[in-house]
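> got a predicted structure plus its sequence, pasted below:
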Amino acid sequence: MRGVLGVLIAIMPAVALAQAPEPTPPAAEPAGAPIPPVAEPAAAPAPPTPSAPPAEATPRSPPATRFMLSDLTVLRLNPLGLETRARIGIQKRLYASTKPITQNNFMFAGVYPKLNPVSAHLAVGGELQPASIFNLRATVEVQKYFGILGYLQSFPSATANYSDQRLKDLRDDPTREPQTATIYHASLQPLLQLKVGPIAVRALFQLDYWALRIRDGDTVAYEATFDTLLPDNGWTLSTDTDVLFIGRPGLAIGVRHTWVKPFYRDSHFASGGDRAAYEGDNGHQRAGLFAAYTLRDRGPSTFNKPTVILIASWYLTHRWRTGEQTDIAADTTDDDFTPRAFPYLLAGFAFESDFLPAR
């Protein structure tokens, strides 16, 4: 049980999003439009439910100091995304403990690279986990967009139409061609998790600051992991909350709720009328199934904890993904709106590797 939760922690904010310490799908989060970065934002794969793993020896405890890699590769639909994201660095145990609430403690420092068809990202940062129930990650990141497949696309107002259909149309618009843009990003990600019997509850909070190097006159840009318009020199807040059954070895299955909210100032709107018309429309939330299955856990090694992940959720609120054909933008068509019945789907594969001999 501890093995699958450890993997999920490591990949967590990979966005939704569950975007944390080692593997987690995120939060974090796309389809039919050009392939954007995943996330998250999290946030996982959906293979057929495998049978329970064969009985094997109890996995070795991790050494006090580890040089390790955690990796998560995801494919996402609605919106469309394909991405691999890693966590590479030194992880050191803070203190020895045999108590379940404090046994899994560590500090980590390293890099968090991400690669997808439209951009490359590199973050530097660290994590502090003083007890098994709490993890705090802080990173600073540079994102470079290649200017292909319609990304990156920016707009002069937070009320702009950024539906999948609109983004697709803009790929062929010579006046709004995609940009080889740069984004500077800082993130603070506290994670709380508790286990009572076979039930685990996790809550990931993600506070992000964005500085965008985009087209002159534009103030926001669409980013597919968060699936919203990011504010230049502004903030977003997102959460992933899971309630999971972990009573079977290697399996974690339950429900996930994801919530995303961007914060805009007057400068992010083209006019006072746009500002008055906006009522939090670019925030969204969804809820659905989360499942992860760790095929084996033999302790620290060059390839351990291979895990498949699946998320299938439905949008509770969203400007473009609930089928409600009312919007503050004036240039919408029926094609801009995706039916609520079409879910957000994410399938992923995670693993971790240790490069120092276990002692």
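On my side now, so go ahead. Numbers count the residues shown, from 1 in each chain.
> so residue 297 sits against residue 307, correct?
No. Taking contacts as Cβ atoms under 8 Å, residue 297 lies outside contact range of residue 307: 9.3 Å. For the C-beta atoms, the positions are set from N, CA and C on the backbone; glycine is no exception.
> show me which of these two is the more surrounded one.
Shown here are residue 297 and residue 307; by other Cβ atoms under 10 Å, residue 307 has more neighbours (29 against 23).
> the more buried one pairs with what?
Assessed by DSSP bridges, residue 307 has beta-bridge partners residue 294, residue 350.
> what's the distance between it and residue 333?
Note on residue 307: its distance to residue 333, by Cβ to Cβ, to the nearest Å, is 41 Å.
> now do residue 205
In this view, residue 205 and residue 333 are 36 Å apart by Cβ to Cβ.
> please say which of those two ends up with more neighbours.
residue 205 (17 against 12).
> any idea of the pLDDT on the more buried one?
pLDDT, residue 205: 98.
> which strand or helix spans it?
Here residue 205 sits within strand 199-213, counting by DSSP states H and E.
> quick one: that strand to chain centroid distance?
In terms of Cα atoms, centre = their mean, to the nearest Å, the centre of strand 199-213 is found 8 Å from the chain centre.
> so which bits of that strand are buried?
Judged by neighbour count using 16 or more other Cβ atoms under 10 Å, the buried positions of strand 199-213 are 200, 202-206, 208-210, 212-213.
> redo these as a markdown table? Include distance to residue 116.
A markdown table is the format used below for the buried residues of strand 199-213 (distance: Cβ to Cβ, whole Å):
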| residue | distance to residue 116 |
| --- | --- |
| 200 | 30 |
| 202 | 25 |
| 203 | 27 |
| 204 | 21 |
| 205 | 24 |
| 206 | 19 |
| 208 | 18 |
| 209 | 21 |
| 210 | 18 |
| 212 | 18 |
| 213 | 19 |
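> got the phi/psi numbers for residue 334?
The phi/psi pair for residue 334 (degrees, to the nearest 10) reads phi -60, psi -30.
> the following helix or strand past the strand holding residue 205 - contacts with which helices or strands?
Note on strand 199-213: by DSSP H and E, the next helix or strand toward the C-terminus is strand 220-223. Applying 3 or more Cβ pairs under 8 Å, 6 or more residues apart in numbering; DSSP states H and E, we find strand 220-223 packed against strand 154-155, strand 228-231.
> where exactly do the strands run in the stretch 251-359 of the chain?
251-263, 284-294, 304-317, 344-354 (DSSP state E, counting those that start in this stretch).
> each with direction, which strands does the first one pair with?
Think strand 251-263. Using DSSP bridges, strand 251-263 pairs in its sheet with strand 234-245 (antiparallel), strand 284-294 (antiparallel).
> chain center to the strand or helix carrying residue 114: distance?
Counting by DSSP H and E, the element that carries residue 114 is strand 106-116. Distance, stretch centre to chain centre, for strand 106-116: 14 Å (Cα atoms, centre = their mean).
> other SSEs contacting that strand?
So strand 106-116, by 3+ Cβ pairs under 8 Å, 6+ apart, packs with strand 81-92, strand 119-131.
> ok, residue 312 - contacts?
Counting by Cβ atoms under 8 Å, 6 or more residues apart in numbering, residue 312 touches 46, 288-289, 343-346.
> how does it look with 10 Å?
Neighbouring residues of residue 312 by Cβ atoms under 10 Å, 6 or more residues apart in numbering: 44, 46, 77, 256, 288-291, 343-347.
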